[in-house]
Each structure stands twice: as structure tokens, then as C-alpha cells.
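Q: here are the coordinates; sequence isn't available:
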């Protein structure tokens, strides 16, 4: 499964050995919204008559589900175009030994230091130059 890059230790060897078609289906759905409902379908007996998977196989399926969530989270963090700007603003606030509070904007403005006021304004807005929309 190519989608496990970085999480190779979570590969479901037992599931593949005993239920290869399920691994194929997971791989097919991996980058689609349908994967979540498929994991749910595999793990929860909604019909009330299924025997279920052996515990070690159910564990692998559950771990794959968690891994999928972790990978999506990691991807979204990597594609956050404002992440570097927020970090820079937070470093500037930390250097000034100021808390992230709107009341400190007034302090920054009163300090007669435009750069300090701009850094505080940017941090409060969470965007560079006060842009509220990407």
C-alpha cells in the first residue's frame, strides 16, 4: 500500500494473508471519502449476524483506520500555506515576551514601535499583514 509511506510498520500483513480482497479494497478507497465508511463497515456489525474478524485482524484494520487519520492530518499540516507565517508571528510575540492577547495590541501601539505593533497585529490576525483571507 503506497499510502502508508512513513507508516510502513502499520502494514496489515495478517489481513493481507487471510483477506487479500479487503486489503485490495482498502487500497482502492484509500484516498477517497468512502474509506471511513468502509473501515466502519469492517469493524462494526450493523446487520447483527456476522462472526467478525479474529482479534489480531480486527486490530490491524483498526490500526489502519487510525493510520489513515494520522496521514490525513499530516497532509493537511503540510499544505497549510500560513503555517510558517503563524510560527514567525508567534516567535516575534515570544521574543517580545508578550502574551497572545488583544490587550497587548494596545501596548504595542503605545510603545511607539511600528514594527512591534505590526508583529502583534499580524499575530492577532493569524495572517501576514493582517490579511484575513488566503
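A: All right, it came through fine. Since we're looking at a predicted model, the values are computed, not measured.
Q: domains in the chain, by residue range?
A: 2-78, 83-126 (automatic domain parsing).
Q: between the ones you listed, which gets the lowest average pLDDT?
A: Of all those, mean pLDDT reaches its minimum on domain 83-126 (a mean of 70).
Q: can you show me the strands along the chain?
A: Assigned by DSSP state E, the chain shows no strands.
Q: mind giving me the packing neighbours of the longest helix along it?
A: Longest helix of the chain, by residue count under DSSP state H: helix 55-78. For helix 55-78, the packing partners by 3 or more C-beta pairs under 8 Å, 6 or more residues apart in numbering; DSSP states H and E come out as helix 13-18, helix 34-43. Glycine gets a C-beta too; all of them are placed from N, C-alpha and C.
Q: okay, these in JSON lines with mean neighbour count next?
A: Shown next, in JSON lines, are these (neighbours: other C-beta atoms under 10 Å):
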{"stretch": "helix 13-18", "mean neighbour count": "14"}
{"stretch": "helix 34-43", "mean neighbour count": "15"}
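Q: so which of those helices is nearest residue 63?
A: Comparison of those against residue 63 by C-beta to C-beta identifies helix 13-18 as nearest, at 9.7 Å.
Q: which residues touch residue 54?
A: Contacts of residue 54 were listed using C-beta atoms under 8 Å, 6 or more residues apart in numbering, and they are residue 18.
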